[in-house]
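Enquirer: Sequence plus the predicted model coming up.
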Amino acid sequence: MSAGIISSFLVWAALLAFIFRIKNRPPRVRILIVVGIIISGLIPLSGLPIPLYIRAGIGDLSIVTQLLLSIYLINSLAGIYSTPARKVAYQQLCIFMLITGLWFYPTTLGLTYFDPYRFGYITDSMHWLILGYFFFGAIILLLLQSSWTSGILCIATLSFCVNSLESTNYWDHMIDPILMIGSIIFLMSSFIGQLKKKPEKKHPRQSF
């Protein structure tokens, strides 16, 4: 089974895990829900499992997205909540990927004469520029004390070296539109969450 097919099952599982809020459930209930998710992903609909229709709609996800979905599913199954430091690390990774997408997609869609997508092929002489770009990103995340998000970029790069996706383009291993949308949603929700946090007011004691 290719990583592209696995990505569609990860999306299906993550979607159901979010809908049923399995992280908030007791351990036994979490296990039952996970079993139900696995079974639902294998039930054929018109001859194909439901997750494969997701793949037909959105294509193969990048390895970075697949790793983030895997982490989300593992944490949901184990009932692990993100620490403030882990949330900051997510924000840093999302900001980097969002900045990347903001210049990458407009240029790739033909809005300029510069097409960085072709540099993603290892046969292109400028391929080293894209490798250097994500290497620089990994170093920045590492310096920001976000070693595990830096590791995600490194693992995605290694997956490109072993051709884990059907695509032979490096960009397809590192970024995708779903990751961009997810980054925007996560950053917006984090910002709104910060606005909702108000300092506790100390009420003076009342004397009777």
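Expert: Okay, I see it. Residues are numbered from 1 along each chain as shown.
Enquirer: Was I right to think residue 157 contacts residue 130?
Expert: No - applying CB atoms under 8 Å as the test, residue 157 and residue 130 come out as separate, 10.2 Å apart. Backbone N, C-alpha and C define where each C-beta goes, glycine included.
Enquirer: Break this structure into its domains for me.
Expert: Following automatic domain parsing, one finds the domains of the chain at 1-81, 82-196.
Enquirer: Let me have those in TSV, extended by mean pLDDT and mean neighbour count.
Expert: Formatted as TSV, the domains of the chain follow (pLDDT from 0 to 100; neighbours: other CB atoms under 10 Å):
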stretch	mean pLDDT	mean neighbour count
domain 1-81	90	16
domain 82-196	92	16
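Enquirer: follow-up on the earlier one: overlap in contacts, residue 157 and residue 130.
Expert: Shared contacts of residue 157 and residue 130, defined by CB atoms under 8 Å, 6 or more residues apart in numbering, comprise residue 170.
Enquirer: Sticking with the most centrally placed residue in the chain, tell me its helix or strand.
Expert: Nearest to the centroid of the C-alpha atoms of the chain, with distances taken as CA atoms, centre = their mean, sits residue 65, at 3.3 Å. Taking DSSP states H and E as the definition, one finds residue 65 inside helix 63-78.
Enquirer: now that helix, how far from the chain's geometric center?
Expert: 8 Å (CA atoms, centre = their mean, to the nearest Å).
Enquirer: What helices and strands are in contact with it?
Expert: Other helices and strands packing on helix 63-78, by 3 or more CB pairs under 8 Å, 6 or more residues apart in numbering; DSSP states H and E, are helix 3-19, helix 27-42, helix 147-161, helix 170-174, helix 177-196.
Enquirer: Tabulate these (a markdown table), appending distance to residue 101.
Expert: Formatted as a markdown table, the helices and strands packed on helix 63-78 follow (distance: least, CB to CB, whole Å):
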| stretch | distance to residue 101 |
| --- | --- |
| helix 3-19 | 18 |
| helix 27-42 | 28 |
| helix 147-161 | 14 |
| helix 170-174 | 10 |
| helix 177-196 | 4 |
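Enquirer: Any idea which of those helices gets closest to residue 52?
Expert: helix 3-19 (5.8 Å; CB to CB).
Enquirer: who touches the closest one?
Expert: If you take CB under 8 Å, 6+ apart as the criterion, helix 3-19 is touched by 23, 33, 36-38, 40-41, 49-52, 54-55, 58-61, 63, 65-66, 69-70, 72-73, 76-77, 159, 164-166, 178.
Enquirer: Just the CA trace of it, in PDB.
Expert: The C-alpha trace of helix 3-19 is given here as PDB (Å, rounded to 0.1, in the frame of the first residue of the first chain):
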ATOM      1  CA  ALA A   3       1.700   6.400   1.100                       C
ATOM      2  CA  GLY A   4      -0.800   8.100  -1.200                       C
ATOM      3  CA  ILE A   5      -3.500   5.400  -0.400                       C
ATOM      4  CA  ILE A   6      -2.600   5.600   3.300                       C
ATOM      5  CA  SER A   7      -3.100   9.300   3.300                       C
ATOM      6  CA  SER A   8      -6.800   8.900   2.300                       C
ATOM      7  CA  PHE A   9      -7.400   6.500   5.200                       C
ATOM      8  CA  LEU A  10      -5.600   9.000   7.600                       C
ATOM      9  CA  VAL A  11      -8.000  11.800   6.500                       C
ATOM     10  CA  TRP A  12     -11.000   9.500   7.000                       C
ATOM     11  CA  ALA A  13      -9.800   8.400  10.500                       C
ATOM     12  CA  ALA A  14      -8.800  11.900  11.600                       C
ATOM     13  CA  LEU A  15     -12.200  13.300  10.500                       C
ATOM     14  CA  LEU A  16     -14.200  10.700  12.400                       C
ATOM     15  CA  ALA A  17     -11.800  11.100  15.400                       C
ATOM     16  CA  PHE A  18     -12.600  14.800  15.400                       C
ATOM     17  CA  ILE A  19     -16.300  14.300  15.000                       C
END
